[in-house]
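Participant: could you work out the structure for the sequence below:
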Amino acid sequence: MNYNKLTEQLKVYEEKRADLINQFKELIDEIGSFIEREYNIRPNANKFADWFINNHTSIFKKKRRVPFRLTREYIFEFCSEYQKELAETALSQKIPTHIYSTSENTYRDKVEKVFEEYIPKMEAKVETYTLLKLITDASHILFYEELPDKIDKLVINEFDAKRESIRYLFYQVYLLNKTKKIKRLIVDYLLKKFDALSNNETETLLKKLSNKPQHFDKVK
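Facilitator: Numbering: from 1, shown residues only. Prediction:
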């Protein structure tokens with residue numbers, strides 16, 4: 001795999017995500033008071049970007065001659081779903097403590113650095129967009145201390161790497177917010193996300209999470 005090309009592709013996706021966030025902020029300046037009055041929420045730009053990537057993948061990935069312009073309809077759709085999510089969260093008495101914070105980017109930057117360091121060591125065959133989604137999911141887990149709403153399982157040919165390498169990659173993610181809750185969430189995510197790990201027992205994976213693959217030391 002050409003990792004220089006992969007890094008460039010990831011950079012393009014991050015630029016698209018940043019542009020999406022900027023367009024969101026511009027529109028919020030215009031319609032923010034309406035949204036607060038209509039939906040009784042203050043939507044988070046990073047959470048919107050992750051939601052958009054998850055729910056409108058084809059639009060986000062598509063190459064365009066004319067730059068994509070975000071419309072109010074997408075924000076209203078997000079706010080409607082976000083409002084329901086917050087209502088359900090409040091009912092279960094699990095109100096997120098970071099719901100309006102912008103420091104989620106700090107975790108995202110750290111997760112990206114982990115992937116940049118360890119993906120080459122894994123000698124993995126994986127599409128750039130798949131990596132972007134994994135980075136987004138990992139950042140969500142660390143920041144919100146919950147699993148993403150939507151987890152699509154990756155079959156082996158979508159992320160072709162050794163099982164112990166996948167496990168150790170996410171152990172490095174766990175070290176960014178080292179709590180028992182995050183460790184359990186990381187393991188639950190691995191079992192739901194990766195077909196290659198789905199046959200593992202939860203407790204077994206918890207114990208083996210920190211085991212470093214032997215071939216990592218051989219890769220430069």
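
Participant: measure stretch 189-208 end to end?
Facilitator: 15 Å (C-alpha to C-alpha, to the nearest Å).

Participant: quick one, longest helix in this structure?
Facilitator: Determined from DSSP state H, the single longest helix within the chain is helix 3-39.

Participant: show me what contacts the residue nearest to the spatial centre of the chain?
Facilitator: Computing the C-alpha centroid of the chain and ranking residues by C-alpha atoms, centre = their mean puts Thr136 first, at 1.5 Å. By C-beta atoms under 8 Å, 6 or more residues apart in numbering, the contact set of Thr136 is 50, 53-54, 108, 148. (Glycine included, C-beta is placed from N, CA and C.)

Participant: per-residue confidence for Glu85?
Facilitator: On pLDDT, Glu85 comes in at 74.

Participant: not counting its neighbours along the chain, what's nearest it?
Facilitator: Counting by C-beta to C-beta, 6 or more residues apart in numbering, the nearest residue to Glu85 once its immediate chain neighbours are dropped is Asp149, at 7.5 Å.

Participant: for Glu158, same thing?
Facilitator: Nearest one to Glu158, counting by C-beta to C-beta, 6+ apart, is Thr130 at 6.1 Å.

Participant: distance of the residue nearest to Glu85 from Val173?
Facilitator: Taking C-beta to C-beta, to the nearest Å as the criterion, Asp149 is separated from Val173 by 19 Å.

Participant: who has more neighbours, those two?
Facilitator: More crowded of Asp149 and Val173, by other C-beta atoms under 10 Å: Val173, with 24 against 12.

Participant: right, and the more buried one touches Val187 too?
Facilitator: No - between Val173 and Val187 there is no contact under C-beta atoms under 8 Å: 11.4 Å.

Participant: where are the low-confidence patches of this structure?
Facilitator: Applying pLDDT under 70 to the chain picks out residues 1-6, 60-66, 86-104, 217-220.

Participant: cool, thanks, signing off.
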